[in-house]
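**Q** Return atomic coordinates for the entry below.
(one chain, ligands or ions: 3)
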Amino acid sequence: MAAFGEVQTPLEQARVVVLPVPYDLSLSFLPGARKGPKAILDASVELELFHAELGIDPSEVGIHAAEEVPWVAGDAAASHALIRDAARRYLELGRFVVALGGDHSITHPLVQAHREAVGAFTVLHIDAHTDLYPEWQGSIYSHASPIYRLVQEGIPVVQVGLRAISRESLALIRAHRIPYFPAHRLHTQGWPLQEILDALGERVYITFDFDALDPSVMPAVGTPLPDGLTYREAANLLTAVFQHKEVVGMDFVELSPNGTFHAEMTAAQLVYHAIGCKALQAGWLQPEHE
Ligand SMILES: N=C(N)NCCCCNCCCN
Ligand SMILES: [Mn+2]
Ligand SMILES: [Mn+2]
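**A** Ligands and ions are numbered 1, 2, ... in the order given. Presented below is the predicted three-dimensional model:
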């Protein structure tokens with residue numbers, strides 16, 4: 001399958017691997033995130049390849065769409081192990097991995113694979129939800145729990161865009177001193193970009209839950225909430241992080257296609273924007289002056 005261009009870049013010639021992870025057995029509400037990866041890749045073929053804002057054609061770095069990561073029916077642990085193994089394979093080849101979910105539980109095995117491959121980093125968690133539930137609906141593998149599991153493993157996290165914050169989550173945020181920037185603060189007091197950057201370490205893994213975006217921009221998610229980010233706010237945040245940090249990997253999760261094709265184009269464009277930011281940060285491409 002082609003990714004962000006008319007033709008597939010062979011793995012040997014690609015710097016970036018887009019890893020489709022259609023696992024969605026850990027959702028708590030609306031189903032469908034398993035269709036997210038293919039929807040993004042299908043929409044990506046419709047994008048203009050030259051990214052005028054960045055002044056580059058990100059596809060020139062070589063973007064390879066990997067085979068979809070399979071899952072094991074009824075076995076989240078085994079499914080997560082397959083995700084970890086798939087990411088590890090491409091990381092060991094030195095590729096920059098952009099995982100496409102699938103539900104947010106996939107971030108836990110993805111971060112584990114990145115930790116093994118590149119060492120320590122901070123996780124920048126952009127989401128409407130804290131995902132700090134020790135378990136939800138009887139499972140520690142819930143999409144409501146990946147950030148709890150990372151925090152329990154001592155991985156530093158910074159949270160941006162939150163709109164659903166339980167008392168228990170707030171207690172965990174305070175207990176673990178998690179820097180968090182909820183949407184109500186961003187929208188009433190402005191974006192403390194420097195404060196967010198200061199809260200991150202030098203190396204960052206970005207996990208982007210599409211329900212961080214406002215439903216007016218991104219209606220195709222399983223657990224939408226109002227007061228979300230605009231596309232421009234999300235793009236500006238990603239641009240700033242890539243300009244000042246080494247981004248070691250990223251995932252984009254929870255797209256649940258529902259016939260609103262503009263949502264899929266929005267998802268594909270944001271992923272492409274992030275790949276372009278990585279290309280500039282890594283020096284793979286140089287911006288063409290407007
Ligand atoms: N997308 C997510 N991470 N959703 C998590 C939902 C779990 C907690 N909901 C609490 C609802 C209480 N009625
Ligand atoms: Mn989430
Ligand atoms: Mn969410």
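
**Q** CA atoms for contacts and neighbours, from now on please.
**A** Noted.

**Q** Would you map the helices across the stretch 51-200 of the chain?
**A** Taking DSSP state H, counting those that start in this stretch, the helices of the stretch 51-200 of the chain run over residues 76-92, 107-118, 146-152, 167-175, 183-189, 193-199.

**Q** Kindly reformat these as JSON lines containing distance to residue 45 and mean pLDDT.
**A** What follows is the helices of the stretch 51-200 of the chain, written out as JSON lines (distance: least, Cα to Cα, whole Å; pLDDT from 0 to 100):
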{"stretch": "helix 76-92", "distance to residue 45": "23", "mean pLDDT": "98"}
{"stretch": "helix 107-118", "distance to residue 45": "25", "mean pLDDT": "98"}
{"stretch": "helix 146-152", "distance to residue 45": "31", "mean pLDDT": "98"}
{"stretch": "helix 167-175", "distance to residue 45": "39", "mean pLDDT": "98"}
{"stretch": "helix 183-189", "distance to residue 45": "32", "mean pLDDT": "98"}
{"stretch": "helix 193-199", "distance to residue 45": "32", "mean pLDDT": "98"}
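
**Q** Format these as JSON lines; extra columns: mean neighbour count and distance to residue 260.
**A** What follows is the helices of the stretch 51-200 of the chain, written out as JSON lines (neighbours: other Cα atoms under 10 Å; distance: least, Cα to Cα, whole Å):
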{"stretch": "helix 76-92", "mean neighbour count": "19", "distance to residue 260": "28"}
{"stretch": "helix 107-118", "mean neighbour count": "20", "distance to residue 260": "25"}
{"stretch": "helix 146-152", "mean neighbour count": "21", "distance to residue 260": "27"}
{"stretch": "helix 167-175", "mean neighbour count": "14", "distance to residue 260": "32"}
{"stretch": "helix 183-189", "mean neighbour count": "14", "distance to residue 260": "24"}
{"stretch": "helix 193-199", "mean neighbour count": "15", "distance to residue 260": "31"}
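
**Q** so which of those gets nearest ligand 1?
**A** Closest of those to ligand 1 is helix 146-152, at 8.9 Å (criterion: Cα to the nearest ligand atom).

**Q** Dig out what residue 205 forms beta bridges with.
**A** For residue 205, the beta-bridge partners under DSSP bridges are residue 123, residue 249.

**Q** measure it to residue 99 for me?
**A** For residue 205, the distance to residue 99 equals 11 Å [Cα to Cα, to the nearest Å].

**Q** same check, this time on residue 232
**A** Separation of residue 232 from residue 99 (Cα to Cα): 22 Å.

**Q** With residue 81 instead?
**A** Where residue 99 is concerned, residue 81 sits at a distance of 15 Å (Cα to Cα).

**Q** now do residue 108
**A** 12 Å.

**Q** which residue sits closest to the residue of the chain found nearest ligand 1, ignoring its sequence neighbours?
**A** Closest approach between the chain and ligand 1, counting by Cα to the nearest ligand atom: residue 144, at 3.8 Å. Computed as Cα to Cα, 6 or more residues apart in numbering, the closest residue to residue 144 that is not its neighbour in sequence is residue 131, at 4.2 Å.

**Q** Now do the strands for the stretch 151-290 of the chain: every range, in order, please.
**A** Applying DSSP state E, counting those that start in this stretch to the stretch 151-290 of the chain gives strands spanning 157-160, 180-181, 203-209, 246-253.

**Q** how about CSV for the ones you listed, with distance to ligand 3 added?
**A** CSV is the format used below for the strands of the stretch 151-290 of the chain (distance: least, Cα to the ion, whole Å):
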stretch, distance to ligand 3
strand 157-160, 11
strand 180-181, 15
strand 203-209, 5
strand 246-253, 9
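
**Q** Redo those strands as JSON lines? Include mean neighbour count.
**A** Below are those laid out as JSON lines (neighbours: other Cα atoms under 10 Å):
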{"stretch": "strand 157-160", "mean neighbour count": "24"}
{"stretch": "strand 180-181", "mean neighbour count": "20"}
{"stretch": "strand 203-209", "mean neighbour count": "23"}
{"stretch": "strand 246-253", "mean neighbour count": "25"}
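
**Q** Any idea which of these gets closest to residue 66?
**A** Checking the strands of the stretch 151-290 of the chain against residue 66 by Cα to Cα gives strand 246-253 as the closest, at 14.1 Å.

**Q** is the closest one up against ligand 1 anywhere?
**A** No - judged by Cα under 6 Å from any ligand atom, strand 246-253 stays clear of ligand 1, getting no closer than 10.3 Å.

**Q** quick one on the thing from earlier: how about the strands of the stretch 151-290 of the chain in a markdown table, adding distance to residue 1 and mean pLDDT?
**A** What follows is the strands of the stretch 151-290 of the chain, written out as a markdown table (distance: least, Cα to Cα, whole Å; pLDDT from 0 to 100):
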| stretch | distance to residue 1 | mean pLDDT |
| --- | --- | --- |
| strand 157-160 | 33 | 98 |
| strand 180-181 | 37 | 98 |
| strand 203-209 | 23 | 99 |
| strand 246-253 | 18 | 98 |
